[in-house]
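Chemist: Please work out how this folds:
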Amino acid sequence: MPRAGLTPERVVEAAAVLADEVGLEQLTLALIAQRLGVAMPSLYKHVQGLDDVRRRLAARAVAELAAELADAAAGRAGPDALAAVAGAYRAYAHRHPGRYPATLRAPSPDDPAHVAAGERAVGTLYAALRGYGLEGEDAVDATRSLRSALHGFVALEAAGGFGLPRDVDRSFERLVAALDAGLRAWPGRPAEVVRGR
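Modeler: Numbers count the residues shown, from 1 in each chain. You can find the predicted model right below:
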């Protein structure tokens, strides 16, 4: 019989906390079982193995990140929305150093919770980009560019990759300003849209 009170959600909750403590790559079923005070075989009554835990953790992390991006962007448009979303993205990576890498996993089409969370996150970015007149394929390209820039910054920051004597927060502000300038001058945008901003 499954241990009373142990559910897939509790297993994933323990995995999320542990991932932030030890790092996503160091997360194991043995650690999760130890944290929950159960024998490792007991976990298999609730999850199908470590990859299943990682898949569920990815869906949870993307849902958390999507909610924080949406909260940050609410009521904002254009550069204000961009700055708010970028700040929320970085803040999530700081607070959850183990969960954040899980957000990079692309959702499987047969995982509706993960797909829905990913669509919410992307939808928030699309809404912010509409303030720059970017929609359709341009919005896809711009979202990929924005995500790449933000991920690159937080990944380097997490790895201790910024050794020069320059305030990192200031560098992040300049990155967001550069992204704003790039979005305003997005290739192929109608000239009247660019002039209108």
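
Chemist: how about low-confidence regions in the chain?
Modeler: 1-4, 189-197 (pLDDT under 70).

Chemist: what about the strands in it?
Modeler: Applying DSSP state E to the chain gives no strands.

Chemist: That one: helices as residue ranges?
Modeler: For the chain, the helices defined by DSSP state H cover 8-22, 29-36, 40-43, 50-73, 78-95, 99-102, 112-130, 136-158, 168-184, 191-195.

Chemist: looking at the ones you listed, which is buried most?
Modeler: Comparing those by mean neighbour count (mean count of other CB atoms under 10 Å), helix 99-102 comes out on top with a mean of 23. To be clear about C-beta, it is placed using only N, CA and C from the backbone, and glycine gets the same treatment.

Chemist: Show me the contact partners of that one.
Modeler: 16, 19-20, 24-25, 54, 57-58, 60-62, 64-65, 92-93, 154, 158 (CB atoms under 8 Å, 6 or more residues apart in numbering).

Chemist: hmm, try it at 10 Å
Modeler: 15-17, 19-20, 23-25, 27, 54-62, 64-65, 89-90, 92-94, 96, 151, 154-155, 158 (CB atoms under 10 Å, 6 or more residues apart in numbering).

Chemist: go on, stretch 167-178?
Modeler: 79, 82-87, 90, 146, 149-150, 152-154, 156-157, 162, 164, 166.

Chemist: Let's see that with 8 Å instead.
Modeler: Contacts of stretch 167-178 (CB under 8 Å, 6+ apart): 82-83, 86-87, 90, 149, 153, 157, 162.

Chemist: same check, this time on stretch 17-35
Modeler: Contacts of stretch 17-35 (CB under 8 Å, 6+ apart): 11, 14-15, 39-40, 42-43, 49-50, 53-54, 57, 95-99, 101-102.

Chemist: Who are the contact partners of residue 117?
Modeler: 59, 62-63, 66, 107.

Chemist: Rebuild these as CSV, extending it with distance to residue 75.
Modeler: Shown next, in CSV, are these (distance: CB to CB, whole Å):
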residue, distance to residue 75
59, 27
62, 23
63, 21
66, 17
107, 28
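
Chemist: separation between the nearest residue to residue 151 once chain neighbours are set aside and residue 177?
Modeler: With sequence-adjacent residues excluded and distances taken as CB to CB, 6 or more residues apart in numbering, residue 151 is closest to residue 104, at 7.2 Å. Counting by CB to CB, to the nearest Å, the gap from residue 104 to residue 177 is 25 Å.

Chemist: now residue 128
Modeler: Taken as CB to CB, the span from residue 128 to residue 177 is 15 Å.

Chemist: same question, residue 91
Modeler: 18 Å.
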